[in-house]
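# Pasted the sequence and its predicted model underneath.
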Amino acid sequence: MEIIGKQVVLDKVTVHDLNFICRIECDEELWHYEEEVESDEEAVKEQYLQKINDADEATSYDFIIRLVKDTGNTPIGLAQIWSYSEYRKSWEIGFALLPEYWGHGYGREAAGLLLTFAFEQLQAHKVVGMCNSNNTRSAALMEHVGMTKEAVFKEELFWNNRWTDQFYFSILEKEYFSAKQ
């Protein structure tokens with residue numbers, strides 16, 4: 001599966017992407033705002049292999065972000081969407097971009113492509129995203145793609161040896177299609 005934008009392409013993760021996945025998932029600097037980061041590459045490989053093998057269940061989708069114009073198909077990030085509440089038709093998005101690719105709109109476009117996929121292919125009613133309140137780049141990106149900050153979960157995350165807030169963003173199907181017109 002491939003989702004093509006103007007600047008980026010989202011390619012469904014395959015076994016050929018596992019080394020990059022391990023590199024990105026185990027990078028503590030990249031996941032600076034997370035409570036914990038997996039350091040065991042074999043555990044990451046096993047987790048993704050299981051997801052690849054269970055692809056028929058369609059409760060989560062993992063994509064490698066690549067540049068449209070890069071003929072070498074160099075991976076520059078990871079974009080994910082997973083079922084947040086199946087009954088409510090809610091999905092959650094997550095994304096990470098290698099720092100050398102920040103500031104060019106690639107993350108924003110990848111997040112926008114995830115929303116398009118969610119509402120136009122998965123028939124989502126709602127898409128949510130969450131981030132550490134200190135992660136201003138992630139919060140700004142979600143707002144930029146049309147998501148609204150709905151809540152602040154007070155002291156939700158134990159981060160840097162202290163309790164910190166988590167922002168909760170969402171966009172409804174009707175908001176997505178209204179903005180698209």
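The structure has been received and is ready for your questions.
# Dump the helix or strand of the chain with the lowest mean pLDDT to PDB, keeping only the CA atoms.
Least confident element among the helices and strands of the chain, by mean pLDDT, DSSP states H and E: helix 41-53 (a mean of 91). Included here for helix 41-53 are C-alpha records, laid out as PDB according to Å, rounded to 0.1, in the frame of the first residue of the first chain:
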ATOM      1  CA  GLU A  41      16.100  -3.900  18.700                       C
ATOM      2  CA  GLU A  42      15.100  -7.500  18.600                       C
ATOM      3  CA  ALA A  43      12.000  -6.800  20.600                       C
ATOM      4  CA  VAL A  44      11.100  -4.000  18.100                       C
ATOM      5  CA  LYS A  45      11.700  -6.300  15.100                       C
ATOM      6  CA  GLU A  46       9.500  -9.000  16.700                       C
ATOM      7  CA  GLN A  47       6.700  -6.500  17.400                       C
ATOM      8  CA  TYR A  48       6.800  -5.200  13.800                       C
ATOM      9  CA  LEU A  49       7.100  -8.700  12.300                       C
ATOM     10  CA  GLN A  50       4.000  -9.700  14.200                       C
ATOM     11  CA  LYS A  51       2.100  -6.600  12.900                       C
ATOM     12  CA  ILE A  52       3.200  -7.300   9.300                       C
ATOM     13  CA  ASN A  53       2.100 -10.900   9.600                       C
END
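# Show me what that helix is packed up against.
If contacts are counted by 3 or more Cβ pairs under 8 Å, 6 or more residues apart in numbering; DSSP states H and E, helix 41-53 sits against helix 18-25, strand 60-67. C-beta here means a position set from N, CA and C on the backbone, and glycine is covered the same way.
# Can you list the neighbours in contact with the first one?
When contacts are defined by Cβ atoms under 8 Å, 6 or more residues apart in numbering, helix 18-25 is touched by residues 13, 30-31, 37-38, 41, 44-45, 48-49, 62, 64, 75, 77-78, 96, 98.
# go again using 6 Å as the cut-off
The contact list for helix 18-25 (Cβ atoms under 6 Å, 6 or more residues apart in numbering) reads 38, 41, 44, 45, 48, 75, 78, 96.
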